[in-house]
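Chemist: sharing a model that was predicted from the sequence below.
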Amino acid sequence: MKLCVVIPVYNHGEAIGGVVASVLRHGLPCLMVDDGSEPGCAERIRELAAAHPESVRALRLDVNQGKGAAMLAGFREAGRLGYSHALQIDADGQHDGDDLPRFAALSAQHPQAVICGTPVYDASVPKGRLYGRYATHVWVWINTLSFAIQDSMCGFRVYPLQPTLALIDTVAIGRRMDFDVEILVRLYWRGVEVVNQPTRVHYPADGVSHFRVLRDNLMISRMHAKLFFGMLLRLPLLLWRKVAR
C-alpha cells in the first residue's frame, strides 16, 4: 500500500498552509490540486510545494472546473506517480488532521475498500447545511438499497485507486459539488466495500464556502435523479447482493 493525500484547493490561501502542515506532521506525502485559484492562493500553493519538495507536490488547473474535476485530476496524477491509494481531505480546515493516521490505518486493514468519513459535528455547523444533508442521505440509501454509506457528502475519505481509476475512465462523474456523492454510489454499485470512520468536523468562522445554493442544489437534484434510474437498471444485482450477504 502506498498512500498519497490529495487536497483540492480553490482560493483557500489562508487555510491551506495549516492543512498541509497537519499532513506533514503525520509523515504523509501530499498532492495539492490548484483548481484555478486566484494569484495569491496560487502563489501560496507554489510556496508550500517549494518549501517541501520531498513530500509536497502541486498540480495546477488553469481554469476553475470544480472540486470533482480537481479530485479526478488528482486521482490520475497520484496513479501516475505510483500511489495505490488517495486520501482526500478538504482545503478549508474543517477536517481534523489528527484523524489522518486513523484513516490511513483503516485503509491498510481494508485495502480494497473506500474509507468514508462520518462527520461528528460541533456547535459550529450551520443548521441549514446539517439538516439539508439528510435529503441526500435518504436518496443515497434508496439508490444503493443499503445503509452501508452513512454519509456520502463528507470530503474526508480514502480511495483505492485501482477501482477508482477504472470507474472514472469509463463513466462521466460529476465535476463539482455532486462529485462526492456520485463517485461513492457508483463505486458501491461496482462492489467496492465502504468502511465508515467517524471524524470531527469544525466549520471555521472565517471559512470559505464555494457552495452555491441554487446552482448546486439543482445539480445535486439532477444527480439523484440520474442515480435513481441507474439504480433501477441495477435493481436485480443490488437485490441479489443483499440476499447473498
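Modeler: Good, I have the coordinates. This structure is a prediction, so every number in the text was calculated from the model and none was measured.
Chemist: so where's this structure uncertain?
Modeler: By pLDDT under 70, the low-scoring segments of the chain are 126-131, 205-216.
Chemist: which residue ranges of it form helices?
Modeler: With DSSP state H as the criterion, the chain has helices at 16-25, 39-51, 67-80, 100-109, 127-144, 161-168, 179-189, 213-233, 235-244.
Chemist: so which of the ones you listed is nearest residue 87?
Modeler: helix 100-109 (6.0 Å; C-beta to C-beta). Bear in mind the C-beta positions are built from the backbone N, C-alpha and C, glycine included.
Chemist: save the helices of the chain as JSON lines, and put in distance to residue 152 too.
Modeler: Formatted as JSON lines, those follow (distance: least, C-beta to C-beta, whole Å):
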{"stretch": "helix 16-25", "distance to residue 152": "22"}
{"stretch": "helix 39-51", "distance to residue 152": "28"}
{"stretch": "helix 67-80", "distance to residue 152": "13"}
{"stretch": "helix 100-109", "distance to residue 152": "16"}
{"stretch": "helix 127-144", "distance to residue 152": "5"}
{"stretch": "helix 161-168", "distance to residue 152": "15"}
{"stretch": "helix 179-189", "distance to residue 152": "5"}
{"stretch": "helix 213-233", "distance to residue 152": "10"}
{"stretch": "helix 235-244", "distance to residue 152": "16"}
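Chemist: indicate which one of these is closest to residue 59.
Modeler: helix 67-80 (5.3 Å).
Chemist: check which residues of that closest one are buried.
Modeler: Neighbour-count burial for helix 67-80, counted by 16 or more other C-beta atoms under 10 Å, picks out 67-79.
Chemist: give the other helices and strands that it contacts.
Modeler: strand 3-9, strand 30-35, strand 56-61, strand 85-88, helix 161-168, helix 179-189 (3 or more C-beta pairs under 8 Å, 6 or more residues apart in numbering; DSSP states H and E).
Chemist: now it against strand 3-9, angle please.
Modeler: Relative orientation of helix 67-80 and strand 3-9, computed by axes from the mean of the first three to the mean of the last three C-alpha atoms, to 10 degrees: 150 degrees.
Chemist: contacts for helix 67-80, please.
Modeler: Here helix 67-80 makes contact (C-beta atoms under 8 Å, 6 or more residues apart in numbering) with 4, 6-10, 31, 33-35, 57, 59, 61, 86, 88, 155, 159, 161, 164-165, 168, 173-180, 183, 210.
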